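Asks: just a sequence and a predicted model for now, questions to come.
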Amino acid sequence: MLGPLALGVGFGALPVGAHGVLVFGLRGQLWRSDDAGLHWTVVPLSTQASLQGGHVLADGTIVIVGDDGVVLTSTDQARHFSLHRL
């Protein structure tokens, strides 16, 4: 499977765990790799908003922000996300 960078959809990336990477970008696309980018999995989301930035909090919570006030949070190392709107 082609990764998100080869498809040109990534705006940003975050480390997840020891060898994980999370790439986010256009049209609510979020991709996760557990092996430093060798293989990628699409993380399903309930938004089409472009995702612009992200941060991993001290407690491990992942926060991704996007257009139209979209805020996504994950507490399980990016396997599932909850959608919030500002």
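Replies: On my side now, so go ahead. Numbers count the residues shown, from 1 in each chain.
Asks: tell me how many other residues surround the nearest residue in space to Ser74 that is not next to it in sequence.
Replies: Of all residues not flanking Ser74 in the chain, Ile62 sits nearest, at 4.4 Å (C-beta to C-beta, 6 or more residues apart in numbering). (C-beta placed from N, C-alpha, C; glycine too.) Using other C-beta atoms under 10 Å, Ile62 has 20 neighbouring residues.
Asks: what pairs with Arg32 across the strands?
Replies: Counting by DSSP bridges, Arg32 forms beta bridges with Leu22, Thr41.
Asks: please disregard the earlier target; I meant Val16.
Replies: Gly20.
Asks: looks like it contacts Ile62 (just checking).
Replies: Yes: taking C-beta atoms under 8 Å as the definition, Val16 is a contact partner of Ile62 at 7.0 Å.
Asks: list the residues that contact both of those two?
Replies: Leu22, Val56, Gln77, Ala78 (C-beta atoms under 8 Å, 6 or more residues apart in numbering).
Asks: what sits against Gln77?
Replies: Per C-beta under 8 Å, 6+ apart, neighbours of Gln77: Val16, Gly17, Gly20, Gly60, Ile62.
Asks: in ChimeraX, how would I select the buried members of those residues?
Replies: In ChimeraX syntax, the buried subset of those is picked out as below (16 or more other C-beta atoms under 10 Å):
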select :16,20,62
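Asks: and the two most separated of the contacts of Gln77?
Replies: Gly20 and Gly60 (11.8 Å; C-beta to C-beta).
Asks: quick one: contacts for the residue nearest to Ser74?
Replies: 14, 16, 22, 54-56, 72-75, 77-78, 81.
Asks: in contact with the nearest residue to Leu45 once chain neighbours are set aside, which residues?
Replies: Leaving out its chain neighbours, the residue that sits closest to Leu45 by C-beta to C-beta, 6+ apart is Gly28, at 5.0 Å. Neighbouring residues of Gly28 by C-beta under 8 Å, 6+ apart: Leu45, Thr47, Gln48, Ala49, Ser50, Leu51, Gly66, Val70.
Asks: thanks a lot, see you next time.
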